[in-house]
Structures are given as C-alpha cells and as structure tokens.
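Trainee: need the 3D shape of this:
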Amino acid sequence: LEGVPGMVHQVFFWTHDYPESESGIGRSVMNLGEMQMVYDTIGYLLANGVLPSSITVLTPYKGQLVEMRRRYPQLNGIEM
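Mentor: Down below sits the predicted model:
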C-alpha cells in the first residue's frame, strides 16, 4: 500500500503453525492465531492512516468470521 510504512503488497497469504479448533457453528472451524494476526495487521493499517472502508478480511470459515466479529467488535466498518 502506497504510503503505509512496511507494507509492500496489498494482498497477504500467511503460512503458520497455529492449530485450528472447533468453532461451535456446525462443522466450521476457527483459528485463534490467525484471528490475532489479522487483528494486529488491521490495527497497524488503521494506525498508519488506512481507512476502515479500504480494508477487507477474507476467511473461508464461517465459525472464524462469527468469532472475529464477537471477539473484536471494534472492527465494525471493516469488510469481512
């Protein structure tokens, strides 16, 4: 992202060893480590002037989406 220190690319794919866990929503899973990585990255972007309307988070897991919205209500305005 132009103008955001430390950000070279606009899209990120991460590799990590955080384990998935059951979300309690059907057979969907969630990953608390991934959620924290996303939360920290969003915080970094916001602190560096990126508007919430310019940030989108994609997750393949409905359970993870529901948990992120519950756990991080301050992310209202971020497209997920």
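Trainee: show the average pLDDT along the lengthiest helix in the chain.
Mentor: Ranked by number of residues, the top helix in the chain under DSSP state H is helix 32-47. Mean pLDDT, computed over helix 32-47, is 91.
Trainee: so what touches the helix or strand immediately after that helix in the chain?
Mentor: Once the chain leaves helix 32-47, the next helix or strand it forms, by DSSP states H and E, is helix 62-71. Here helix 62-71 makes contact (CB atoms under 8 Å, 6 or more residues apart in numbering) with 22-26, 28-31, 34-35, 38-39, 57, 59, 75, 80. Backbone N, C-alpha and C define where each C-beta goes, glycine included.
Trainee: which among those residues end up buried?
Mentor: 23, 28-31, 34-35, 38-39, 57, 59, 75, 80 (16 or more other CB atoms under 10 Å).
Trainee: distance to residue 46 added to these, as TSV?
Mentor: Compiled in TSV, the buried ones among the contacts of helix 62-71 are given as follows (distance: CB to CB, whole Å):
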residue	distance to residue 46
23	26
28	27
29	27
30	23
31	22
34	19
35	16
38	12
39	11
57	13
59	19
75	9
80	14
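Trainee: so which of those is the closest to residue 15?
Mentor: Closest approach between these and residue 15, by CB to CB: residue 34, at 11.0 Å.
Trainee: residues near the nearest residue to that closest one once chain neighbours are set aside, how many?
Mentor: Once flanking residues are discounted, residue 34 sits nearest to residue 18: 6.0 Å by CB to CB, 6 or more residues apart in numbering. Neighbour count of residue 18, defined by other CB atoms under 10 Å: 13.
Trainee: same thing with residue 17?
Mentor: 5.
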